[in-house]
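Colleague: sequence? don't have it. structure:
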């Protein structure tokens, strides 16, 4: 089955693609994703390896969690990280809400709105203290326009691993 969007035909995502997108967006570990999908960890691995296809009910729940993860992506461009595990005012985390037998998407998306604002605030705070290439170059006595010539020094200072040419 495929879908017509505008003039382009879009094929539905495979279960592998949905698993990857969910884990990336919501920062879920395999164990947590298995709990959310109400399966065992080996089942998730067998889906990832294409050894087994999810049953109809598992695929339906996987699609529901994927829709929820997509809504997070529309609210915030960064992964949810620890915010998905943080308890809300009701004492429950988004992760706990996702593990419920019946998932109430509206409640989770409502929670996402507040979490997205917190996540963006964290990103701004982290970026404020992250050194720039210019500040690192000055620390090593380099002119800022020489930065590209000295990229290996900057990579070493920031811990970035560079690939050999």
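Modeller: It's in. What you see is a predicted model; the values in this text were computed from it and never measured.
Colleague: tell me the contacts of the most centrally placed residue in the chain?
Modeller: The residue lying closest to the centre of the chain (Cα atoms, centre = their mean) is residue 25, at 2.3 Å. Counting by Cβ atoms under 8 Å, 6 or more residues apart in numbering, residue 25 makes contact with 69-70, 72-73, 79-80. Backbone N, C-alpha and C define where each C-beta goes, glycine included.
Colleague: If we use 10 Å, what do you get?
Modeller: 65-66, 68-73, 76, 78-80, 84 (Cβ atoms under 10 Å, 6 or more residues apart in numbering).
Colleague: Over to residue 30?
Modeller: 19, 23, 41-42, 44-45, 48.
Colleague: and it, how far is that from residue 56?
Modeller: According to Cβ to Cβ, to the nearest Å, residue 30 stands 22 Å off from residue 56.
Colleague: Can you give the domain ranges for this protein?
Modeller: 3-129, 132-165 (automatic domain parsing).
Colleague: Show me which residues of whichever strand or helix holds residue 21 are buried.
Modeller: Assessed by DSSP states H and E, residue 21 sits inside helix 15-26. Residues of helix 15-26 classed as buried by neighbour count (16 or more other Cβ atoms under 10 Å): 15, 18-19, 21-23, 25-26.
Colleague: Output the longest helix belonging to the protein.
Modeller: Secondary structure of the chain per DSSP state H: the longest helix is helix 105-129.
Colleague: quick check: mean pLDDT across it?
Modeller: Over the span of helix 105-129, the pLDDT mean works out to 77.
Colleague: after that helix, next one along is what?
Modeller: Past helix 105-129, the next helix or strand by DSSP H and E is helix 133-139.
Colleague: counting contacts, what elements does that following helix pack onto?
Modeller: helix 151-158 (3 or more Cβ pairs under 10 Å, 6 or more residues apart in numbering; DSSP states H and E).
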